[in-house]
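Participant: what follows is a predicted protein model with its sequence.
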Amino acid sequence: MLAMLVRLGFMGKLVVVHSDLGDMEWEPMHGFIAANSFGLPCHVVKPREDFFELCHRYKRLPSGQARFCTSELKTRPIGDWIKAYMAEHGYTHAINAIGIRSQESLARSKKLPLQASKLSAPSKNRHVTEWYPIFDYSLEQVWSEIAQANQAPHVIYSKGFSRLSCVFCVFGRVNEHAMAKEARPELFDRMAKLERDLGKTIRTRQVNGAKLPKYLDESYA
């Protein structure tokens, strides 16, 4: 997305912000982002809670129907930062550009790629538009844009992962969780313990039509 916006001539109007997910990231990502952001600084925000604290507060793990991880660990802290940044610089209008695509999921395909953001204030002092610049991009177009800009894809793509997300993302594939266990065994142990502590699991199994827990430490023993 950033490569596209730079190519279209928005360089002087761009501000890059990243929400640091702590141990659930493959590495401290702000260095990787800064190395691929065309000289733009990477502003880093931190959520008030980490993934494990958040799950304990909700007494469950995130799911496709309850993606509180995204809202609490990404959307909210980045939104708060945008509002503070606008106030500090006296900006009344801003565009929050987010790199999601319609092909990523059925739910995302139903989104509007341009709409008023919830960050807009009730008064005229702050108006924010939410925009998904690469909403209609195919995966092939994404890789082409990256290559044309001479950006470096993150190393996990070369290892067979389909997305750069939390190490143990609730949307991760079975084989990706297996690879993540090998790459980050200490984090796997924390995730396995979290499931046992909560009695909730990332995956479930069907037994006689009923959904039952399928614990990580059972699946990947």
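Facilitator: Arrived safely.
Participant: can you list the low-confidence ranges for this protein?
Facilitator: In the predicted model, the chain carries no residue with pLDDT under 70.
Participant: tell me how far the residue positioned nearest the centre of it lies from Asp197.
Facilitator: Nearest to the mean C-alpha position of the chain, by CA atoms, centre = their mean, lies Ser165 at 5.8 Å. Going from Ser165 to Asp197 by CB to CB, to the nearest Å gives 23 Å. In this view, the C-beta of every residue, glycine as well, is placed from N, C-alpha and C.
Participant: repeat that for His56.
Facilitator: As judged by CB to CB, His56 and Asp197 stand 8 Å apart.
Participant: kindly report the same for Asn150.
Facilitator: 45 Å.
Participant: quick one, phi psi at the closest residue to Lys74 other than its chain neighbours?
Facilitator: The spatially closest residue to Lys74, leaving aside those adjacent along the chain, is Ser19, at 4.8 Å (CB to CB, 6 or more residues apart in numbering). Phi and psi for Ser19, reported as degrees, to the nearest 10, are phi -100, psi 120.
Participant: who's Ser19 bridged to?
Facilitator: Here Ser19 sits in beta bridges with Val45, going by DSSP bridges.
Participant: just the helices from the protein, written as ranges.
Facilitator: Counting by DSSP state H, the chain has helices at residues 2-7, 29-35, 51-58, 68-70, 76-89, 106-109, 139-148, 155-158, 174-183, 185-198, 216-219.
Participant: list the buried residues of the third one.
Facilitator: To tie it back to what came earlier, the one meant is helix 51-58. Going by neighbour count (16 or more other CB atoms under 10 Å), the buried part of helix 51-58 is 51-52, 54-55.
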